[in-house]
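Enquirer: Okay, sequence plus prediction incoming.
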Amino acid sequence: MGTKYEGTDHEQLALSAYINLVRAAESILSRLNQRRSPNALTLRQYMVMDALYFLGPLSQKEIGIKVLKSDGNITMVVKNLERDGLVCRERRPEDQRTMTVRLTPKGQHRMEELVPQRLKSIVEEMAVLSPKELRMLRMLCRMVGKAKRD
């Protein structure tokens with residue numbers, strides 16, 4: 001087992017699986033981060049840009065939901081992306097309290113360059129698994145990620 005915790009067999013198994021899941025994710029993210037160029041986006045910036053690239057303009061709240069981050073964190077990331085000319089924020093005409101974030105032409109161009117590179121790196125990282133194993137991993141991660149607890 002991957003833990004020295006002396007609980008029940010089920011507790012030890014759950015804890016070991018959790019530790020392995022977190023370590024695997026951190027390991028992959030670390031290796032992907034090492035592959036990026038010095039002037040590349042941070043992981044959080046990439047996640048925000050990726051959501052905007054594939055989903056189109058979103059409110060900051062919608063972005064936070066998509067990338068699983070708090071509004072405050074998203075505000076700072078969007079502010080930095082706006083500073084770099086990659087996104088712009090506009091008030092929604094129907095609700096002046098809500099800001100819509102969209103990619104600028106510069107941001108669109110940057111993502112058109114980055115997405116194929118990122119995809120290639122991810123495919124290389126996941127090459128240790130067969131297609132069947134990848135489908136199983138995806139299913140298991142979705143089950144754990146979407147589990148509702150009372």
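Expert: All right, it came through fine.
Enquirer: quick one: contacts of the worst-scoring helix or strand of the chain on mean pLDDT?
Expert: The helix or strand of the chain with the poorest confidence is strand 95-103; it has a mean of 86 (mean pLDDT, DSSP states H and E). Contacting residues not belonging to strand 95-103 are listed as 48-49, 52-53, 56-61, 63, 78, 86-92, 111 [Cβ atoms under 8 Å, 6 or more residues apart in numbering]. Quick note: C-beta positions are derived from backbone N, CA and C, even for glycine.
Enquirer: That strand: what's the following helix or strand?
Expert: Using DSSP states H and E, the helix or strand that follows strand 95-103 in sequence is helix 105-126.
Enquirer: what helices or strands is that next one leaning on?
Expert: Helix 105-126 sits against helix 9-35, helix 43-55, with contacts defined as 3 or more Cβ pairs under 8 Å, 6 or more residues apart in numbering; DSSP states H and E.
Enquirer: do that again at 10 Å, thanks
Expert: Counting contacts by 3 or more Cβ pairs under 10 Å, 6 or more residues apart in numbering; DSSP states H and E, helix 105-126 packs against helix 9-35, helix 43-55, helix 71-83, strand 87-92, strand 95-103, helix 131-146.
Enquirer: any idea of the pLDDT on D84?
Expert: pLDDT for D84: 95.
Enquirer: residue contacts, it?
Expert: Neighbouring residues of D84 by Cβ atoms under 10 Å, 6 or more residues apart in numbering: 41, 45, 104, 106-107, 110.
Enquirer: Pick the one among these closest to A14.
Expert: For those, the closest approach to A14 (Cβ to Cβ) belongs to Q45, at 33.6 Å.
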